[in-house]
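give me a model of this one.
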Amino acid sequence: MITIKKYPNRRLYDTSQSKYINIDDILVLVQNHQDFEIVDSKTGEDHTKSILLQIISDQEINDNRSLLTNTLLKQLIRFYNSDMQPYVRSYLEQSLAGLLEQQETMQQMVNNMVKSSPANMFTKMMEENMKMWGMAAKPPKTEDN
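Okay, here's the model as predicted:
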């Protein structure tokens, strides 16, 4: 797990690389499925959630890339401090995990289809033929060679 220290001046320091990083670098860690935590440099208090929420907020500003509609946000807010809050959290985590698994499965299926496409098969046949012709064009080895 990567530990990132957050300093009072809002700077982030990646201890695994011994360098300062920014929010965009944190976004890359998330996209690359890297396990990390962000802690206060003095107290050790966990700041991971606040930084992740900042990334979501930054992403949500652009309506073209937004995932959270006003309706969805209102519905989520209604679950805070309710008896359903723990169940909603679990449901959302499991639903998103399932969605990600389905996405990976679909990507694998598409990759397999591309690999087995007629054009790809034809290319492989041509490569094999070129290898055979290349071997046939070489003079046979004799005892003199």
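
dump the residue contacts of K5.
K5 sits next to 12-13, 15, 38-41 when contact means C-beta atoms under 8 Å, 6 or more residues apart in numbering. C-beta here means a position set from N, CA and C on the backbone, and glycine is covered the same way.

name the member of the residues you listed with the most neighbours.
Greatest neighbour count in those, by other C-beta atoms under 10 Å, goes to I38: 21 neighbours.

output the longest helix belonging to this structure.
For the chain, the helix with the greatest residue count under DSSP state H is helix 85-115.

quick one: secondary structure of A119?
At A119 the chain is in helix, as set by DSSP: H, G, I helix; E, B strand; the rest coil.

burial measure for it, as a count.
Residues lying near A119 (other C-beta under 10 Å) number 8.

how near is Y7 to I38?
The gap separating Y7 from I38 is 11 Å, by C-beta to C-beta, to the nearest Å.

any residues in contact with both of the two?
Common neighbours of Y7 and I38, counting by C-beta under 8 Å, 6+ apart, are absent.

and which of the contacts of K5 is nearest V28?
L12 (12.6 Å; C-beta to C-beta).
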